[in-house]
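S.K.: Below are the sequence and a predicted model for it; my questions follow.
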Amino acid sequence: MFRQWLQGGATWYGSPSGGGSDGGACGFNYAVENPPFYKMVSAGGPSLYNNGNGCGACYRVKCTDNQACSRRPVTITITDECPGCVAEPFHFDLSGTAFGALAKPGQADNLRNAGVLQLLFRRVKCKYPGVTIAFHVDAGSNPFYFAMVSEYEDGDGDLGAVELKQSGGDRELWHPMQHSWGATWMLNLGSQLQPPFSIRLTTLTLHHTLVAHNVIPFNCQPGQTYRSWVNFKT
């Protein structure tokens, strides 16, 4: 899966120099515009978005069938959904920035005017040098309900399971979180939660596991982002 080149289609959306959207269906919000994403992102058709399970996965993509194509691959991350992109089994609706990066120098506008491109792509490990995983607490979180998005996972990039351990009570008990939508995971135990929280992540593709101890502090606030000290090895 991480080696084979496959064929797919590509379009672009948003502004020519933008990040496509403000995070769209994965919930990464304005992080797509900033490092380490650098606007090099894409919405995925149904097979790539995979009901939100594909959020965070990284791909190398290159185009070869247009005179403006550089034929050099670039790396993008799935951060949004393109539900209508079903003309091909695999379709990338790239940000304007990422689509333009497929072009020869000075040819970005010509390539963006070409319509649907055929491209080659392959799954790759995500690499965010010097960046640790961040956890963005959902604005709707409260003492009885906790939801979050994790960002910048090296390696697989996607997640298959997320668990939360609270302080107090049985401190060794990990509570499975439910995949809510996009890259958002939630927990509602029916009782008041006791931060700080530790978060355990298991990747979807290769089932690698990592623990961010006490990453969500006692005084955590909805809408805030908290940086861990850890990331997966690549």
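M.R.: Yep, that arrived.

S.K.: For this protein, spot the helix or strand the model is least confident about on average.
M.R.: None of the helices or strands of the chain scores lower by mean pLDDT, DSSP states H and E than helix 108-112, at a mean of 93.

S.K.: Nearest residue to residue 117 in space, ignoring adjacent ones along the chain?
M.R.: Leaving out its chain neighbours, the residue that sits closest to residue 117 by CB to CB, 6 or more residues apart in numbering is residue 10, at 4.5 Å. (C-beta placed from N, C-alpha, C; glycine too.)

S.K.: hey, C-alpha coordinates of the helix or strand in which that neighbour is found in CSV?
M.R.: Assigned by DSSP states H and E, residue 10 falls within strand 6-13. Only the C-alpha atoms of strand 6-13 are listed here, as CSV (Å, rounded to 0.1, in the frame of the first residue of the first chain):
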residue,chain,number,x,y,z
LEU,A,6,-2.0,3.8,-8.8
GLN,A,7,-4.0,5.9,-11.2
GLY,A,8,-6.6,8.5,-10.2
GLY,A,9,-8.2,11.8,-11.1
ALA,A,10,-7.6,15.3,-9.8
THR,A,11,-9.4,18.6,-9.7
TRP,A,12,-9.0,21.6,-7.5
TYR,A,13,-11.2,23.9,-5.4
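
S.K.: Where does the prediction get shaky in the protein?
M.R.: 1-2, 22-23, 169-171 (pLDDT under 70).

S.K.: could you pull out the helices for it?
M.R.: 46-49, 96-100, 108-112 (DSSP state H).

S.K.: For these, state which one has the densest average packing.
M.R.: Comparing those by mean neighbour count (mean count of other CB atoms under 10 Å), helix 96-100 ranks first with a mean of 24.

S.K.: what helices or strands is it leaning on?
M.R.: Using 3 or more CB pairs under 8 Å, 6 or more residues apart in numbering; DSSP states H and E, the elements in contact with helix 96-100 are strand 6-13, helix 108-112.

S.K.: Any chance of those in a markdown table with distance to residue 92 as columns?
M.R.: Listed next are the helices and strands packed on helix 96-100 as a markdown table, based on distance: least, CB to CB, whole Å:
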| stretch | distance to residue 92 |
| --- | --- |
| strand 6-13 | 5 |
| helix 108-112 | 14 |
